[in-house]
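S.K.: Structural data only, the sequence is not supplied:
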């Protein structure tokens, strides 16, 4: 079956521009996560959506970052006025439920380069 | 402050030998941990997990050990194979805090 997909796979943008990153989770998965991985760093939690609950935004690094999840499915991560330090791989993951036995499935990531 | 730490950025092991990857955490409330494996240009994939009610979980060549008093866990791969070469992340279930990863290289 189809896994988690992300688009675009690569994005090069100029400093100060806005970018939108898209995540299509596995159908039926109620939980969706965004992470970023900067060069040489681990995965940094950004935001978590679970069903119709208010998202956990505690990992967003600044108010330039926002995310939404429409209809409990597709999610977009928006970065406004991009900075060079935003350059990273942005990973999306989904899970079927909050049960511990349910693992996350990751997408391939979007590689963002801010010039 | 990192809640989950992997202090070894890289590890090199000969094929057939044991690989031991280590992970430390700071919050004693964390009670469920996962290991992920990541190949270049791919997203991480789940490998093995452990709950704090256990101190060991085994799946084929992969075994994870949990020492709650030391707030330490380790992943053992035996025997190591060249296809195991990847970056390994440990994570807590709680908000999915991830370590910075250990790059394992298994030499043929």
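M.R.: Sure, I can see it. Source: prediction; values computed, not measured. Residues are numbered from 1 along each chain as shown, chains lettered A, B, ... in the order given.
S.K.: contacts and neighbour counts: CA atoms only from here.
M.R.: OK.
S.K.: need the contact list for the residue of chain A found nearest chain B.
M.R.: Closest approach between chain A and chain B, counting by C-alpha to the nearest C-alpha: residue A:42, at 3.4 Å. For residue A:42, the contacting residues are B:89, B:98, B:99, B:100, B:101, by C-alpha atoms under 8 Å, 6 or more residues apart in numbering or on different chains.
S.K.: How about the residues of chain A by chain B?
M.R.: In this structure, chain A approaches chain B at residues A:40-45, A:91, A:100, A:103-109, judged by C-alpha under 8 Å from any C-alpha of the partner chain.
S.K.: Need the nearest residue in space to the residue of chain A closest to chain B, chain neighbours excluded.
M.R.: Excluding the flanking residues, the one nearest residue A:42 by C-alpha to C-alpha, 6 or more residues apart in numbering or on different chains is residue B:100, at 3.4 Å.
S.K.: how many neighbours does that neighbour have?
M.R.: Residues near residue B:100, counting by other C-alpha atoms under 10 Å in any protein chain shown, number 25.
S.K.: OK, contacts around the most centrally placed residue in chain A?
M.R.: In chain A, the C-alpha nearest the mean C-alpha coordinate belongs to residue A:34, at 3.1 Å (C-alpha atoms, centre = their mean). Counting by C-alpha under 8 Å, 6+ apart, residue A:34 makes contact with A:45, A:46, A:47, A:48, A:77, A:90, A:91, A:92, A:93.
S.K.: Which residue is the nearest non-sequential neighbour of it?
M.R.: residue A:92 (4.6 Å).
S.K.: Hmm, the one you found is touching residue A:9, no?
M.R.: No: counting by C-alpha atoms under 8 Å, residue A:92 stays clear of residue A:9, with 11.9 Å between them.
S.K.: can you pull the pLDDT of the one residue in chain B that gets nearest to chain A?
M.R.: Using C-alpha to the nearest C-alpha, the single residue of chain B nearest to chain A is residue B:100, 3.4 Å away. You'll see residue B:100 listed with a pLDDT of 90.
S.K.: Write out the residues of chain B neighbouring chain A.
M.R.: B:32, B:41-46, B:89, B:93, B:95-101.
S.K.: Any of these buried? List them.
M.R.: Buried members of the residues of chain B next to chain A, counted by 16 or more other C-alpha atoms under 10 Å in any protein chain shown: B:32, B:43-46, B:89, B:93, B:95-101.
S.K.: what about the strands in the chain?
M.R.: Picking chain A for this. Here chain A has its strands, by DSSP state E, at A:5-7, A:10-13, A:19-24, A:31-37, A:43-50, A:65-69, A:75-79, A:88-95, A:105-106, A:110-114.
S.K.: not quite, I wanted chain B
M.R.: So, for chain B - with DSSP E - the strands run B:4-5, B:10-14, B:19-25, B:32-38, B:45-51, B:56-59, B:62-67, B:72-77, B:86-92, B:102-107.
S.K.: Please identify the deepest-packed of those.
M.R.: strand B:86-92 (a mean of 25; mean count of other C-alpha atoms under 10 Å in any protein chain shown).
S.K.: in the chain, what spans have low per-residue confidence?
M.R.: I went with chain A, as the question did not name one. A:1, A:98-102 (pLDDT under 70).
S.K.: My question was about chain B, not that one.
M.R.: B:1, B:94-95.
S.K.: what bridges to the residue nearest to the centre of chain A?
M.R.: Counting by DSSP bridges, residue A:34 is bridged to residue A:47, residue A:92.
S.K.: That'll do, ta.
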